[in-house]
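Novice: here you go, sequence then predicted model.
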Amino acid sequence: VKKIAVLTSGGDSQGMNAALRAVVRSALYHGIEIFGIQRGYQGLLNNDIFSMDLRSVGDIIQRGGTVLQSARCKEFYTEEGQRKGAEILRNYGIEGLVVIGGDGSYQGANKLSKLGINTMGLPGTIDNDISFTDYTIGFDTAVGVVVDAINKLRDTMSSHERASVVEVMGRHCGDIALHAGLASGAETILVPEVPYDLGEVAQRMTHNFAMGKRHSIIVVAEGAGKGDDIASELARHSSQIDARVTVLGHIQRGGTPTPFDRNLASRLGDFAVRSLIRGESDKACGIIKGELVLTDIDKVVNTKNKFDNEMYELALRLSQ
Ligand code: ATP
């Protein structure tokens, strides 16, 4: 391998820059020429490709977002678009591509590998919704943002003895809600993976208030319901419950990445480059029980991410 390229695609996440830095510097360390592609697959189709050096990734390890920018690209869903992308890479003499993004971005990489480009996927998404990796790049930072917001809400909520519904990201995956919920002592965690009954939730809340609890936090993943609907439904079940709603939205994607995310991104970025050098292709890089692992992209996108039921039960037990 003499030339490789890197792009960031789909929703951005904190730590994408750290991953980019690792890919660029690891490639250069191994004597490989490295190209950056602006705005994901859209930039590839637009020939938005430039040579990168050690300095192009200076002073970005601590920054959220992605300096390569990200995009969604309709044309790349088509076979014609994918062929054009592979052709453009070949014109540059680029044999390998590192794609930093989520599930959809992985599928794009899978298509390119079938057209003769060696590809590696890096899990860049805050949702932690990718299988065959315990953590995705950005998840730890996003959880930190949510916990920080809940700490602040707790201050004001306990002063007024009120309940607080906090809506967090996660359309199909409740991991942000679960991890932030346990870390912030939430009383209720609503996730798409576990069915719930708001009548029971309301009963538990009124019981806990009667037992002297001064505040109650309900964390809901967007895929399990809208914060506003949950609050009005709880009020319908008990007139005692007057919950205030906070929708955290895109704040969860921002901020400086945590040391955990930076180190994860650095390890995975270097691993992706070394794997391409070894001749691997069409693989997703992940970390399982602390070990770096490669898994076929096909297998990753076709396997549902596991939900940690034990952790969920623990969160409920500890929040009495
Ligand atoms: P996230 O879900 O974290 O936002 P993602 O990578 O899943 O990230 P998508 O919008 O699903 O985000 O995918 C990003 C881009 O990848 C798409 O805009 C498209 O260009 C390309 N892509 C997605 N799915 C496919 C597919 N099946 N075949 C080819 N390209 C795809």
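Specialist: Okay, I see it.
Novice: next one: phi and psi at Thr258?
Specialist: Thr258 adopts backbone torsions of phi -70, psi 160, taken as degrees, to the nearest 10.
Novice: leaving out chain neighbours, which residue sits closest to the residue in the stretch 51-200 of the chain positioned nearest to the ligand?
Specialist: Residue nearest to the ligand within the stretch 51-200 of the chain: Gly104 (2.0 Å; Cβ to the nearest ligand atom). The C-beta positions use only the backbone N, C-alpha and C, and glycine is treated the same way. Nearest residue to Gly104 in three dimensions, chain neighbours excluded: Gly10, at 5.5 Å (Cβ to Cβ, 6 or more residues apart in numbering).
Novice: how many neighbouring residues does that neighbour have?
Specialist: 22 (other Cβ atoms under 10 Å).
Novice: who's in contact with it?
Specialist: Gly40, Ser70, Arg72, Gly101, Gly102, Asp103, Gly104, Ser105, Gly124, Thr125 (Cβ atoms under 8 Å, 6 or more residues apart in numbering).
Novice: again, but for Ser319
Specialist: Ser319 makes contact with Gly185, Ala186, Glu187, Thr188 under the criterion Cβ under 8 Å, 6+ apart.
Novice: so the third one makes contact with Ala202?
Specialist: No - under the criterion of Cβ atoms under 8 Å, Glu187 is not in contact with Ala202, lying 11.5 Å apart.
Novice: hmm, Thr119 is touching Ile297, no?
Specialist: Yes - look at Thr119 against Ile297 with Cβ under 8 Å: they come within range, at 7.5 Å.
Novice: distance from the chain centre to whichever helix or strand Gln203 is part of, please.
Specialist: If you go by DSSP states H and E, Gln203 is part of helix 198-210. When C-alpha coordinates are averaged (Cα atoms, centre = their mean, to the nearest Å), helix 198-210 and its chain have centres 32 Å apart.
Novice: who touches it?
Specialist: By Cβ under 8 Å, 6+ apart, helix 198-210 touches 161, 163, 187-188, 216, 218, 230, 233-234, 237-238, 240-241, 320.
Novice: so what's Met120 up against?
Specialist: Counting by Cβ under 8 Å, 6+ apart, the residues that Met120 touches are 96-99, 109, 272-273, 275-276, 280-281, 283-285.
Novice: picking that back up, in its sheet, which strands sit next to the helix or strand following the helix holding Gln203, and in what direction?
Specialist: On the C-terminal side of helix 198-210, the nearest following helix or strand under DSSP H and E is strand 216-221. Sheet pairing of strand 216-221 (DSSP bridges) gives strand 163-168 (parallel), strand 188-190 (parallel).
Novice: ok, the residue of the stretch 51-200 of the chain closest to the ligand - contacts?
Specialist: Taking Cβ under 8 Å, 6+ apart as the test, what Gly104 contacts is Ser9, Gly10, Arg72.
Novice: how about JSON lines for these, with pLDDT and secondary structure added?
Specialist: Converted to JSON lines, these look like this (pLDDT from 0 to 100; DSSP: H, G, I helix; E, B strand; the rest coil):
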{"residue": "Ser9", "pLDDT": "97", "secondary structure": "coil"}
{"residue": "Gly10", "pLDDT": "94", "secondary structure": "coil"}
{"residue": "Arg72", "pLDDT": "91", "secondary structure": "coil"}
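Novice: show me which of those residues neighbour the ligand.
Specialist: Applying Cβ under 6 Å from any ligand atom to those, one finds that Ser9, Gly10, Arg72 fall near the ligand.
Novice: any idea how far Gln14 lies from the ligand?
Specialist: 12 Å (Cβ to the nearest ligand atom, to the nearest Å).
Novice: doesn't that residue fall inside a strand?
Specialist: No - the assignment for Gln14, made by DSSP: H, G, I helix; E, B strand; the rest coil, is coil rather than a strand.
Novice: turn the strands paired with strand 216-221 into TSV, columns for distance to the ligand, mean pLDDT and mean neighbour count.
Specialist: Compiled in TSV, these are given as follows (distance: least, Cβ to the nearest ligand atom, whole Å; pLDDT from 0 to 100; neighbours: other Cβ atoms under 10 Å):
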stretch	distance to the ligand	mean pLDDT	mean neighbour count
strand 163-168	15	96	26
strand 188-190	21	97	25
